[in-house]
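> would you be able to build a 3D model of this:
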Amino acid sequence: MSRPATILSSRSLRQPWLALLLALFPLLAHAQAPATAASDAAIRSAIAAAQRGEPASVSDAALRADPRWPWVEFARLSRDLDRADAAQVRAFLQRYDGQAVASALRPLWLASLARRELWSDFLADWRPLEDPALRCSRLNAQAALGRTDPDWNAQAQALWRTGKSLPDACDRTFASLAARGGLDDALRWERFDLAVAEGEPGVMRAAARGLPASALALAQDYAAFVQAPHARTSQWPRDARSRQVAAAGLARLAKNNPDAAERHLAQLVPQLGMTEADRGKVLYQVALWTVASYLPDSARRLAAVPAAAYDERLHEWRAREAMARGDWAAALEAIRLMPAKQREDARWRWFEGRMLEKTGRAAEAQPLFRAAATSSNFHGFLAADRLGLPYALCPWQPGDPPSLRTEVARDPALQRALALYRIDQAGWATREWNDALSRFDDPRRRAAVALAQENGWFDRAVFALGKVPEEQRLYELRFPLHHDADIRAAARRNGLDPAWIAAEIRAESIFTPTARSSANARGLMQLLPSTAAAVARRTGLPYSGADSLYDSSINIALGSAYLREMEDKYGATYQAIAAYNAGPTPTARWLSQRPTHDPDLWIETISYKETRDYVARVLAFSAIYDWRLNGDALPVSERMLGRTEGKRKAFACPATL
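Sure, this is the predicted structure:
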């Protein structure tokens, strides 16, 4: 698929020295030649053939100078490693040692050797890896070959000490450890307690195997309670472990049935002597899973949680629940109970000011709004609107030497990453990218991000920037502009602000036309095929099946038409954005529950965190894209109501930043 031209200027990346290198050394099999558009189709074809298991063709010889050739070999070898020629695999690993492609193949090869119990080969080819299954397989290999020693025990015990489930390969490791006398009752209870903390009854049972009969019976009863609380707790010892198990089981139960968890807790507190900390773990979950649906007992259950059990998440929900009920005084009190750092966030400064306004103390709100208005986000923009101030925006110019771009462009791993991305091999490209960035300092990392953007790989700015706080202010990189003609055409056709469409694309796919979600949403605006088909039927827009959503023009046309439908249905942009993310059923429920709430309060009381944050993010992105497109912006407080005309806002850097 061809990539539409960007509205940003881009510089040619062709390097004269590379052309000279190729002219001088045409026969070097692994020269880092720049991949050309002409070779893209041939490499695609070679990869597809390798993945089908077809033997190398005569024409493949011409591709060996392409920097992506190692991945063609990888595709052929990894297809069926259990039947691969070991000599070929080892030659590959040696040839590309230190490169991402070898790092990708080695764990697959080691897993194959472990499946076949070729333990000598496994140890010969081993390199230190974090994968628990392979670490256990290495210990299994050593045990099978009689190479166990005290260090072997220590490594096995280190793997044992986790409350989370481990791969099947570790069962054999732990059986060997137990046979060697390295798994005593104390270690079994240690892992058991870790599993209690994780709420993992299966791991609790596994950890307890091998305990004496009476201890095993108690451990199994503990695990049964965590899985499904029962009435046999009166037979438990009145000790710390019983209390921890009770708290873990009831906390787990509270996620699905807070009423039952609360009833059980009332019985177990006197029976087991549960402490306030034990109670707090349960009451926290009871309150959280009650308030997350705004159930009638929300306020009472929030009040019952001990202060020591509160964290930022529950502090937010206490304020949000009071807002949902329209109890402005209670919401103000909840905000003022937040830790200082949390309360100083622009979001909560804004809402503290709003609650002061709602309780007749508008003058006290002004300093809070002024402080919030220094932030370049949704609530900061709302505060600036309230005070009639410009939007805070302080673009950062890091002053990195321009020569770094040329230096970074020569990095072989980065060349491979960009070339692989161009042929839609994003997973492999990301491996090469990560390998390159592991060697770059901050200025070179930023140069790599700029280079990626010039090559249409826009999400690198989101995933690779931010290690230095100032990088959040690299707005041209973090908010790319692409597919300008399609966006503007769709905006005109549907009567929408092009900045809103760009913001949706940024929020949905970060301008990645081949993006696909776990729910099968596709393309730039992440449309479900069923939604796209329905919109196409209603509008007459082109659509030829799910894969056509990877065509940027089709995706933007259909996605923008769907935005128009959502805005027509709900009447306000902020509600349309919520519906675009969550769907019509939850949006209808939120509208029926709080039909008279102000827009900012309605957004904040959305019960889905993803949607709540999404609406605020898209509205803020819209203002920033308006600035990128036009140098100023329609006020967010107007934009979220669906208005497209009005006095526009300037952007300025506050003196405090």
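> any regions of this protein where pLDDT drops low?
1-38, 656-657 (pLDDT under 70).
> change it to 90
The chain contains residues with pLDDT under 90 at 1-39, 55-62, 65, 467, 644-646, 655-657.
> alpha carbons of the longest helix anywhere in it, as CSV, please.
Counting by DSSP state H, the longest helix found in the chain is helix 609-630. Output in CSV follows, covering the C-alpha atoms of helix 609-630 (Å, rounded to 0.1, in the frame of the first residue of the first chain):
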residue,chain,number,x,y,z
LYS,A,609,-11.5,4.8,33.1
GLU,A,610,-10.5,4.1,29.4
THR,A,611,-13.4,6.3,28.1
ARG,A,612,-13.1,8.9,30.8
ASP,A,613,-9.4,9.5,29.9
TYR,A,614,-10.1,9.1,26.2
VAL,A,615,-12.6,11.9,26.0
ALA,A,616,-10.3,14.3,27.9
ARG,A,617,-7.3,13.2,25.8
VAL,A,618,-9.1,13.7,22.4
LEU,A,619,-10.4,17.1,23.3
ALA,A,620,-6.9,18.2,24.4
PHE,A,621,-5.3,16.7,21.3
SER,A,622,-7.9,18.6,19.2
ALA,A,623,-6.7,21.9,20.6
ILE,A,624,-3.0,21.0,20.0
TYR,A,625,-3.8,19.9,16.4
ASP,A,626,-5.7,23.1,15.9
TRP,A,627,-2.5,24.9,16.9
ARG,A,628,-0.4,22.8,14.6
LEU,A,629,-2.8,23.4,11.7
ASN,A,630,-3.6,27.1,12.3
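> buried residues in whichever helix or strand comes after that helix, which are they?
Next along the chain after helix 609-630, taking DSSP states H and E as the criterion, comes helix 636-639. Under the neighbour-count criterion of 16 or more other Cβ atoms under 10 Å, helix 636-639 has 636-639 buried. C-betas here are computed from N, CA, C, even on glycine.
> nearest residue to residue 629 other than its sequence neighbours?
Sequence neighbours aside, residue 499 is the residue nearest to residue 629 in space, at 5.9 Å (criterion: Cβ to Cβ, 6 or more residues apart in numbering).
> what about that neighbour, helix or strand, and which?
Using DSSP H and E, residue 499 falls in helix 498-508.
> other residues contacting that helix?
Contacts of helix 498-508 with the rest of the structure, by Cβ atoms under 8 Å, 6 or more residues apart in numbering, involve 479-481, 483, 487-488, 490-491, 511, 515, 521, 524-526, 556, 559-560, 563, 573, 577, 580, 614, 617-619, 621-626, 629-630, 633-634, 639.
> same deal with stretch 532-540?
527, 541-543, 546, 549, 558, 561-562, 565.
> just the strands in the chain please.
With DSSP state E as the criterion, the chain has strands at 391-392, 651-652.
> how far does stretch 421-429 stretch from one end to the other?
In stretch 421-429, first residue to last residue: 5 Å (Cα to Cα, to the nearest Å).
> can you give the distance of it from its chain's centre?
When C-alpha coordinates are averaged (Cα atoms, centre = their mean, to the nearest Å), stretch 421-429 and its chain have centres 19 Å apart.
> buried ones in that stretch?
421-423, 425-426, 428-429.
> which residues does the nearest residue to residue 471 once chain neighbours are set aside contact?
Leaving aside its chain neighbours, residue 471 sits nearest to residue 465 (4.2 Å; criterion: Cβ to Cβ, 6+ apart). Counting by Cβ under 8 Å, 6+ apart, residue 465 touches 446, 449, 471-472, 474, 477-478.
> pull out the buried members of the residues you listed.
446, 449, 471, 474, 477-478.
> just say which of the strands of the chain is most tucked in.
strand 391-392 (a mean of 24; mean count of other Cβ atoms under 10 Å).
> pick out the residue closest to the middle of the chain.
Note on the chain: the residue nearest the mean C-alpha position is residue 463, at 9.7 Å, using Cα atoms, centre = their mean.
> quick one: that one and residue 228, what's the gap?
Relative to residue 228, residue 463 is positioned 41 Å away (Cβ to Cβ, to the nearest Å).
> likewise for residue 132?
Residue 132 is 28 Å from residue 228, by Cβ to Cβ.
> and for residue 306?
For residue 306, the distance to residue 228 - Cβ to Cβ - is 26 Å.
> just residue 112 next, same as before
From residue 112 to residue 228 the distance is 40 Å (Cβ to Cβ).
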